[in-house]
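Asker: fold the following for me, if possible:
(one chain, ligands or ions: 1)
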Amino acid sequence: MSARTPDEQTYVGVELCAGAARAALVTGEGAVLGRREAALTSVDLAAQVARLVAELRDASPAPVAAVGVGVPGLVNPQTGRVVISSDLPAAVREDLRETLGAATGLPVALDNDANAGAMGEYAAGAGRGSRNMFYVTIGTGIGGALILDGRLWRGASGFAGEFGHITIDPEGVECTCGNVGCLETVASAPNIVRRTHERLMRDSTSSLSRLGLNKNFTAADIAHEARNGDDFAALMMARTGRYIGTAIAAVINLLNTERVVLGGGVMEAGDLILQPVIDEARRRAFQPNFESTQIVAATLGPDAVPIGAALLAREAARGGS
Ligand SMILES: [Zn+2]
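Answerer: Next up, the predicted model:
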């Protein structure tokens with residue numbers, strides 16, 4: 001039994017991806033006191049994460065109460081097991097919460113990375129002051145998470161918020177999930193690149209684009225050229241924004257969320273993508289719903305998942321869910 005209240009303790013939040021971990025020491029209010037990053041190998045992953053936790057624990061001015069981990073995959077909140085993840089080694093999926101708990105000697109909370117990112121932005125970023133928030137992260141994949149009346153909405157089995165797998169084109173490209181034409185198949189970073197390559201081949205207006213000079217461009221390169229006045233690159237970003245805005249209009253109509261927060265690497269294109277998202281959502285959503293929603297960019301950048309994972313660990317340590 002500790003005499004301290006939870007807010008006098010600190011928490012470690014970790015974002016786990018295929019090749020790296022990003023960890024932060026976080027207060028109960030979501031302020032970052034320190035950060036650590038490390039490249040990961042797939043062998044004995046829990047021990048590598050435990051080392052990052054130990055370093056932050058040494059640096060902490062107060063006892064670390066719990067560890068939260070955001071993973072790229074579906075996590076069953078009851079069992080703490082990662083159910084589906086294309087990015088993590090199979091051994092980790094089996095009992096990450098237990099092995100990490102044993103390696104750190106601390107309670108461990110495991111959650112989907114989009115859920116963690118949403119909690120971070122809600123408590124300490126672009127979602128502050130709202131009670132109902134939809135969070136979208138657009139990068140290599142597209143994730144989503146929902147905060148309703150101040151709480152993360154997990155759904156029946158913990159898998160709510162799979163925004164990237166909403167169908168946007170019934171005749172479209174096959175998705176990794178098995179469906180055809182998911183939002184992710186047109187608007188994730190690799191798919192923005194794929195669409196741009198396809199259009200470079202058949203669109204005569206693309207002939208002036210600098211993107212034609214480099215066969216290995218990335219979504220960040222497309223955004224960069226768009227910012228430098230490349231009309232074709234700007235068109236590709238705008239069309240991507242329209243796809244995202246179309247899906248967001250459906251979310252706004254369904255939930256009447258107060259705020260929609262957009263994060264992830266693709267949003268680094270700024271207004272080049274945010275404005276088309278807003279314009280398309282305005283065009284497609286029921287007007288009173290659109291007018292009661294603010295669509296804004298996330299503000300925490302790479303801190304969102306570690307902060308949110310730490311706060312989810314705090315909630316779990318306090319007996320919440
Ligand atoms: Zn899909």
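
Asker: okay, CA-based contacts and neighbour counts for the rest of this
Answerer: Will do.

Asker: what's in contact with the lowest-mean-pLDDT helix or strand in the chain?
Answerer: Least confident helix or strand of the chain, by mean pLDDT, DSSP states H and E, is strand 81-84 with a mean of 76. Here strand 81-84 makes contact (Cα atoms under 8 Å, 6 or more residues apart in numbering) with 73, 74, 75, 76, 93, 94, 95, 96, 97, 110.

Asker: in space, what's closest to the one residue in the chain that gets nearest to the ion - neighbours in sequence excluded?
Answerer: Residue nearest to the ion within the chain (Cα to the ion): residue 165, separated by 3.9 Å. Closest residue in space to residue 165, ignoring its immediate chain neighbours: residue 182 at 4.7 Å, by Cα to Cα, 6 or more residues apart in numbering.

Asker: verify the stated contact: that neighbour with residue 175.
Answerer: Yes. Residue 182 lies in contact with residue 175 (Cα atoms under 8 Å); the separation is 6.3 Å.

Asker: so which of these two has more stuff around it?
Answerer: Set residue 182 next to residue 175 and count neighbours by other Cα atoms under 10 Å: residue 182 wins out with 24 against 17.

Asker: contact partners for that one?
Answerer: So residue 182 contacts 164, 165, 166, 167, 168, 169, 172, 173, 174, 175 (Cα under 8 Å, 6+ apart).

Asker: beta partners for the fourth one?
Answerer: Each beta-bridge partner of residue 167 is listed here: residue 182, as defined by DSSP bridges.

Asker: quick one, what contacts it?
Answerer: Counted by Cα under 8 Å, 6+ apart, residue 167 has contacts 180, 181, 182, 183.

Asker: same list (those residues) but as JSON lines, adding pLDDT and distance to the ion.
Answerer: Below are the contacts of residue 167 laid out as JSON lines (pLDDT from 0 to 100; distance: Cα to the ion, whole Å):
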{"residue": "180", "pLDDT": "98", "distance to the ion": "7"}
{"residue": "181", "pLDDT": "97", "distance to the ion": "7"}
{"residue": "182", "pLDDT": "98", "distance to the ion": "5"}
{"residue": "183", "pLDDT": "98", "distance to the ion": "7"}
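
Asker: pLDDT score for residue 91?
Answerer: Predicted confidence (pLDDT) for residue 91: 55.

Asker: then the one 3 residues further on?
Answerer: Residue 94 is assigned a pLDDT of 65 by the prediction.

Asker: swap in the one 3 residues further on?
Answerer: According to the predicted model, the pLDDT of residue 97 comes to 87.

Asker: tell me what the helix or strand encompassing residue 233 is packed against?
Answerer: Using DSSP states H and E, residue 233 falls within helix 231-255. Judged by 3 or more Cα pairs under 8 Å, 6 or more residues apart in numbering; DSSP states H and E, helix 231-255 is in contact with helix 184-187, helix 189-202, helix 219-227, helix 271-284, helix 287-291.

Asker: same thing but 6 Å
Answerer: Where contact means 3 or more Cα pairs under 6 Å, 6 or more residues apart in numbering; DSSP states H and E, helix 231-255 is packed against helix 219-227, helix 271-284.

Asker: got the angle for the longest one vs helix 231-255?
Answerer: With axes from the mean of the first three to the mean of the last three Cα atoms, to 10 degrees as the basis, helix 271-284 and helix 231-255 are set at 40 degrees to each other.

Asker: over to the first one?
Answerer: Here helix 219-227 runs at 110 degrees with respect to helix 231-255, directions being taken by the same axes, to 10 degrees.

Asker: just the angle between helix 219-227 and helix 189-202, please?
Answerer: Using the same axes, to 10 degrees: helix 219-227 against helix 189-202 is 60 degrees.

Asker: again with the last one
Answerer: Using the same axes, to 10 degrees, the interaxial angle of helix 271-284 with respect to helix 189-202 works out to 90 degrees.

Asker: buried sites along helix 271-284?
Answerer: 271, 272, 273, 274, 275, 276, 277, 278, 280, 281, 282, 284 (16 or more other Cα atoms under 10 Å).
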